[in-house]
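In: here's a sequence, model it:
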Amino acid sequence: AEAMSQTDLLHVLTQYLTAMTLVVEKHNGEITEILGDGLLIFWNTPEDVPDHATKACEAALAMNQALISLNQELVVARDPPLPQLSIRIGLHTGNVLSGTIGSV
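Out: You can find the predicted model right below:
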């Protein structure tokens, strides 16, 4: 990212976040935070999502597939090609307390 122009960086980031958001929404996830290029995603809150753990795993696999497509688009988007992206995905399951905390 340091070697990219601001215009190219904004283009890549927008394309990436759009692709990942579509995957998350398709799998009933809720993006709670975007931290630079990182996403914090919840399933089963605030609405109940049956089979939420399965949906989260399916979303992780679909995100990897979406990244393959995105990287192919980045190769042809500019000359020279934009850099290829890679992601890391962590999954956790368990109880969580969520909602507005500290406000009435």
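
In: what segments of the protein are strands?
Out: Counting by DSSP state E, the chain has these strands, from start to end: 30-35, 38-42.

In: partner strands of the first one and their direction?
Out: It stands for strand 30-35. strand 38-42 (antiparallel) (DSSP bridges).

In: surely residue 70 and residue 18 touch.
Out: No - Residue 70 is not in contact with residue 18 according to CB atoms under 8 Å; the separation is 9.2 Å. Any C-beta I mention is one placed from the backbone N, CA and C, and that applies to glycine too.

In: who's in contact with the residue most central in space within the chain?
Out: In the chain, the residue lying closest to the centroid (CA atoms, centre = their mean) is residue 20, at 3.8 Å. Residues near residue 20 by CB atoms under 8 Å, 6 or more residues apart in numbering: 39, 63, 66.

In: please repeat the previous calculation with a cut-off of 10 Å.
Out: Counting by CB atoms under 10 Å, 6 or more residues apart in numbering, residue 20 makes contact with 29, 31, 34, 37, 39, 41, 59, 62-63, 66-67, 70, 87.

In: any chance of these in TSV, with pLDDT, distance to residue 2 and neighbour count too?
Out: Output for those, formatted as TSV (pLDDT from 0 to 100; distance: CB to CB, whole Å; neighbours: other CB atoms under 10 Å):
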residue	pLDDT	distance to residue 2	neighbour count
29	96	30	21
31	96	26	14
34	96	20	14
37	92	13	13
39	97	22	20
41	96	27	21
59	98	30	23
62	98	29	17
63	98	24	19
66	98	25	19
67	98	21	18
70	96	20	20
87	96	18	15
